[in-house]
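S.K.: Sequence first, then the predicted structure:
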Amino acid sequence: MDNLETLTASEAAKRIVDGDVSPVALLEACLEQIRALDGEIAAWIHVDEAGARATARAYETDARKKQFTGDPWFCAPWSSIGVPAISLPAAVGADGLPHAIQLVASTDGDADLLGVAAWCEHVLDFASAPIHGDHSRR
């Protein structure tokens, strides 16, 4: 696929996990899109291309070995481009399954992400537990 930057996060995650898309190729497509459009829309204050490339190369190795942290459906797109992400439990659905929010920060934004996550955790004040057992989609 030539337009990797148009993939949704879940499409990108699936393609990375399936081995159809390289984290490095995805990053390069996204960086190209940023360079093409950011002069007009000014969405980025700073883009750490070198840091993002180094991280994407490291995750390329993990992707080849199928070693991902957490459920790759949710984390692989963020991990593949080197940005921190965290999921926080937020509710338990009527079916007893957990619902969560996922927060994502910029490269090297770990401390800010953890601060926001702590604030969300306090505001959500979630203390329930989901039902036990394997409820994976696979």
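M.R.: Nice, I can see it.
S.K.: alpha carbons only for contacts and neighbour counts from here, please
M.R.: Noted.
S.K.: Next, the contact list for the spatially most central residue of the chain, please.
M.R.: Nearest to the mean C-alpha position of the chain, counting by C-alpha atoms, centre = their mean, stands Trp78 at 2.5 Å. Shown in contact with Trp78 (C-alpha atoms under 8 Å, 6 or more residues apart in numbering): 84-85, 104.
S.K.: so of those residues, which ones are in helices?
M.R.: Among those, no residue falls in helices (DSSP state H).
S.K.: before we move on, back to that, tell me the mean pLDDT over the helix or strand that contains the residue nearest to the centre of the chain?
M.R.: Secondary-structure assignment from DSSP states H and E places Trp78 in helix 72-80. Mean per-residue pLDDT for helix 72-80: 69.
S.K.: Surely Gln12 is within a helix?
M.R.: Heads up, residue 12 is Ala, not Gln. Yes - counting by DSSP: H, G, I helix; E, B strand; the rest coil, Ala12 is part of a helix.
S.K.: Share the number of residues neighbouring it, please.
M.R.: Other residues lying near Ala12 total 26 when counted by other C-alpha atoms under 10 Å.
S.K.: for the one 5 residues further on, same thing?
M.R.: As a burial measure, the neighbour count of Val17 was computed by other C-alpha under 10 Å and equals 22.
S.K.: next one: stretch 101-109 to chain centre, how far?
M.R.: Remark: stretch 101-109 is offset 8 Å from the chain centroid, using C-alpha atoms, centre = their mean, to the nearest Å.
S.K.: One more: stretch 106-114?
M.R.: The answer for stretch 106-114 is 13 Å, by C-alpha atoms, centre = their mean.
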